[in-house]
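with the input below, show me the fold.
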Amino acid sequence: MSVVAWQRVEAGVIALAVLAAFPAVGGWSWLWWPFALFLLFDLSALGYLAGPRVGAVFYNLVHNWAGPVVLLAVWSFAYLLTYSLDEAVARWLLIVGLAWLFHVAVDRAMGYGLKHPDHFQHTHLGWIGKSRQGGEPHQ
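Numbers count the residues shown, from 1 in each chain. Here you go, the predicted structure:
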């Protein structure tokens, strides 16, 4: 199996683990949150209105593991370790952090990786869409 295939499987496992975490930490009523917030994170693609270089920066800022991991670390430290976080704030940190992590994991599992600045369909996991077949972007 190729390295890209391994990364996609790994991301799929993370997505499933996040789905399992929602009911475990918040009850079954929380399970709809990752789906409800899913497209919110794709608003970062609006950066492409300013061109591919700016678009890639905005997209990559939102579509990497660091953002949701930082949110979940803040939640873990402030809520679980010190108990000094307001209950409502803690709930939203957890919901947004897990939904964001789910979004990144599903995108990666589907082959949508971090964007190169030359073309929207050129990612660190390879070309996506019709560009995948020929290896060159379609103009």
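
closest to the centroid, which residue in this structure?
With distances taken as CA atoms, centre = their mean, the residue of the chain nearest its centroid is Val104 (1.8 Å).

look up how far Gly113 lies from that one.
Note on Val104: its distance to Gly113, by CB to CB, to the nearest Å, is 10 Å. Just so you know, the C-beta spots here come from the backbone N, C-alpha and C atoms, and that holds for glycine as well.

check Ala11 too.
Ala11 is 9 Å from Gly113, by CB to CB.

shared neighbours, the two?
Asp107 (CB atoms under 8 Å, 6 or more residues apart in numbering).

per-residue confidence for the residue nearest to the centre of the chain?
With respect to pLDDT, Val104 scores 98.

so it touches Leu61, yeah?
No. Under the criterion of CB atoms under 8 Å, Val104 is not in contact with Leu61, lying 11.6 Å apart.

need the strands for this protein, in chain order.
Counting by DSSP state E, the chain has strands at residues 122-123, 126-127.

determine the number of other residues adjacent to Leu39.
9 (other CB atoms under 10 Å).

got the contact list for Pro117?
Pro52, Arg53, Ala56, Val57.

any chance of these in a markdown table, plus pLDDT, distance to Val18 and neighbour count?
Listed next are those as a markdown table, based on pLDDT from 0 to 100; distance: CB to CB, whole Å; neighbours: other CB atoms under 10 Å:
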| residue | pLDDT | distance to Val18 | neighbour count |
| --- | --- | --- | --- |
| Pro52 | 95 | 30 | 17 |
| Arg53 | 96 | 31 | 13 |
| Ala56 | 96 | 25 | 22 |
| Val57 | 97 | 25 | 14 |
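
adding distance to Ala17, write these out as TSV.
As requested, the contacts of Pro117 are exported to TSV (distance: CB to CB, whole Å):
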residue	distance to Ala17
Pro52	33
Arg53	34
Ala56	28
Val57	29
